[in-house]
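**Q** Mind folding the following:
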Amino acid sequence: MLLSSFSMWPPTFWHWLALGLILLSIEMALGTFDLLWISIAAFLTSAFAAFAPAGLAGWEGQLIVFSASSALLYLAGRTVFRKWRELVPEHPTLNKRMASTVGASATVASDFSNGIGRVKLGDTEWSAVDLDGHDLRAGTSVTVEATEGNRLKVRRAPN
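**A** A predicted model of the protein is given here:
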């Protein structure tokens, strides 16, 4: 009796569609993937309410479809689609300029003294140390092997 006193009862496919859109909007703001499955269940219930025969599409049938699909989709989201929930690691050199120089070819810009000098990588000169301790001459090709702070650790490039 109480349910029949509501002006929106029984729910129509528009109600389920609106619920699905509201849940999807909240999910987009939160990014948890939990409400995604329930919003899909609301969309499925909307389709059921629109296309099912009148005898099945009453409010009882709609609630059964919504409850069952919510439970199944939520369970599938937690198990089968578990990898979607995991955070995607960032690229290892994203916003790490020094890490992105490892493996690059450079040219000695000024002669090394006691294994320390400057190399030109791209359009920038960097302080560098030769890992083998050689005194490299300007114009020698080197490869960046590692970094330490803002200093490049280089080794003479194989010819």
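**Q** what pairs with Ala146 across the strands?
**A** For Ala146, the beta-bridge partners are Lys153 (DSSP bridges).
**Q** Pretty sure it sits against Gly103.
**A** No: the pair Ala146 / Gly103 is not scored as a contact, 9.9 Å apart, by C-beta atoms under 8 Å. Placement of C-beta: from N, CA and C, glycine included.
**Q** Give me the contacts around the lowest-mean-pLDDT helix or strand in the chain.
**A** Ranking every helix and strand in the chain by mean pLDDT, DSSP states H and E puts helix 82-85 at the bottom, with a mean of 75. Residues from elsewhere that reach helix 82-85 (C-beta atoms under 8 Å, 6 or more residues apart in numbering): Thr32, Phe33, Gly77.
**Q** Quick one: residues contacting the second one.
**A** So that's Phe33. By C-beta under 8 Å, 6+ apart, the neighbours of Phe33 are Glu27, Gly77, Phe81, Trp84, Arg85.
**Q** before we move on, the earlier item: export the contacts of helix 82-85 to TSV and tack on secondary structure, pLDDT and distance to Asp130?
**A** Shown next, in TSV, are the contacts of helix 82-85 (DSSP: H, G, I helix; E, B strand; the rest coil; pLDDT from 0 to 100; distance: C-beta to C-beta, whole Å):
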residue	secondary structure	pLDDT	distance to Asp130
Thr32	coil	82	51
Phe33	coil	84	51
Gly77	helix	88	54
